[in-house]
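In: could you work out the structure for the sequence below:
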Amino acid sequence: MAMTLRLTDEDERVLTLLAKAQGISKQEATVRAIREAASRGVHEDRVRELSAAARARYADVLDRLGR
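Out: This is a model prediction of the structure:
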């Protein structure tokens, strides 16, 4: 699927630097950045869920340790 991506001059400059540093095209650098951001977001959501569950499960212990 084709898509037009409008970037500011600064974003274009940064994308060019990123692509050159990785030895890939700007298109590939864009795809990788999107996938990495999505993966990071999913991971952070999962960590938050697990942390909340652990805090709920061990609330009494954590409360006693905090005294």
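In: so what touches stretch 22-31?
Out: Contact with stretch 22-31 is made by L5, L15, T16, L18, A19, R32, as judged by C-beta atoms under 8 Å, 6 or more residues apart in numbering. Quick note: C-beta positions are derived from backbone N, CA and C, even for glycine.
In: let's see that stretch as PDB, backbone CA atoms only.
Out: Extracted C-alpha coordinates of stretch 22-31, given in PDB (Å, rounded to 0.1, in the frame of the first residue of the first chain):
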ATOM      1  CA  GLN A  22      22.200   2.100   9.600                       C
ATOM      2  CA  GLY A  23      23.100   1.700   6.000                       C
ATOM      3  CA  ILE A  24      19.500   1.400   4.800                       C
ATOM      4  CA  SER A  25      17.000   3.400   2.800                       C
ATOM      5  CA  LYS A  26      14.900   6.100   4.400                       C
ATOM      6  CA  GLN A  27      11.900   4.000   3.600                       C
ATOM      7  CA  GLU A  28      13.400   1.000   5.500                       C
ATOM      8  CA  ALA A  29      14.400   3.300   8.400                       C
ATOM      9  CA  THR A  30      10.900   4.600   8.600                       C
ATOM     10  CA  VAL A  31       9.400   1.100   8.700                       C
END
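In: make a PyMOL selection of the buried ones in the contacts of stretch 22-31.
Out: The buried residues among the contacts of stretch 22-31 can be selected in PyMOL (16 or more other C-beta atoms under 10 Å) with this line:
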select buried, resi 15+19
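In: for the contacts of stretch 22-31, which one is nearest R64?
Out: R32 (46.2 Å; C-beta to C-beta).
In: for the closest one, give me its contacts.
Out: Residues in contact with R32 (C-beta under 8 Å, 6+ apart) are Q22, I24.
In: so how far is L15 from it?
Out: Distance, R32 to L15, by C-beta to C-beta, to the nearest Å: 11 Å.
In: A29: how many residues sit nearby?
Out: Neighbours of A29 under the rule other C-beta atoms under 10 Å: 20.
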